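Asker: any chance you could fold what I've pasted below:
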Amino acid sequence: ATLPGMRERTVTISALSKTYSVTGWRVGWAVAPPSLMAGIRSTHDFLTVAAAAPLQIAGIAALGLPSEYYQQIRKEYAERRDLMLEVLAAAGFTADPPEGAYYVMADVTSLGFDDDVAAARHLVEDRGVATVPGSSFFSRPELGRHLLRFAFCKKLETLEAAGERLRLTR
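Answerer: Next up is the predicted model:
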């Protein structure tokens, strides 16, 4: 919290999932001033139980990695992002570069679909490429009906293979 007066009103929530490629572990944390942590702790007790001890120990080790790890992962994700954007453009999709996630939202109207669920079903059944319908990310689903979410947190070979399959949709 860098803005004046925000430190005492800010809750930072994070997890190991994406940065360390352990999405199934469900190990996360919240950092906040004591006045806010009391409410978080009382709610947390009703929503979840503690992560397994070995996962917590692995989390401590992960958080102690040197800064070079983060520089390398940033570089790798930038490479994957750029490849994903190239793949989508070659297949006729339009997409804006993401600014902080390893997902790309792409417009599917160029493929003749006006329904994101039908487009997602078509791609997984006919091309073997799994996506998530964009409408699922909107409180007003109709605003996302022309979008599909593609994840680029995959091996480069997987993204290249998806690109070959997606090019067949044109």
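
Asker: CA atoms for contacts and neighbours, from now on please.
Answerer: Fine.

Asker: low pLDDT regions in the protein?
Answerer: 170 (pLDDT under 70).

Asker: tell me which residues in the longest helix anywhere in the chain are buried?
Answerer: When the chain is parsed with DSSP state H, its longest helix is helix 67-90. Residues of helix 67-90 classed as buried: 77, 80-81, 83-89 (neighbour count, 16 or more other C-alpha atoms under 10 Å).

Asker: who does it touch, helix- and strand-wise?
Answerer: Judged by 3 or more C-alpha pairs under 8 Å, 6 or more residues apart in numbering; DSSP states H and E, the packing partners of helix 67-90 are strand 94-95, strand 103-107, helix 156-167.

Asker: hang on, Glu142 packs against Ser135?
Answerer: Yes - taking contacts as C-alpha atoms under 8 Å, Glu142 lies within contact range of Ser135: 6.4 Å.

Asker: so which of those two has more stuff around it?
Answerer: Ser135 (20 against 13; other C-alpha atoms under 10 Å).

Asker: rewinding a little: centre of the chain to the longest helix of the chain, how far?
Answerer: Relative to its chain's centre, helix 67-90 lies at 13 Å (C-alpha atoms, centre = their mean, to the nearest Å).

Asker: what residues does that helix touch?
Answerer: By C-alpha atoms under 8 Å, 6 or more residues apart in numbering, the residues outside helix 67-90 that reach it are 94-95, 97, 102, 104, 106, 152-154, 156, 159-160, 163, 166-167.

Asker: for stretch 105-119, same thing?
Answerer: Stretch 105-119 is contacted from outside by 88, 92-96, 133-135, 144-150, 169-170, using C-alpha under 8 Å, 6+ apart.

Asker: all strands for the chain, in order.
Answerer: 12-15, 28-31, 94-95, 103-107, 132-133, 147-151 (DSSP state E).

Asker: show me what the second one packs onto, helices and strands only.
Answerer: Contact here means 3+ C-alpha pairs under 8 Å, 6+ apart; on that basis strand 28-31 packs against strand 12-15.

Asker: buried residues in the strand it packs on?
Answerer: Under the neighbour-count criterion of 16+ other C-alpha under 10 Å, strand 12-15 has Ala15 buried.

Asker: and that strand, which strands flank it?
Answerer: Paired strands of strand 12-15, with direction, are strand 28-31 (antiparallel) (DSSP bridges).
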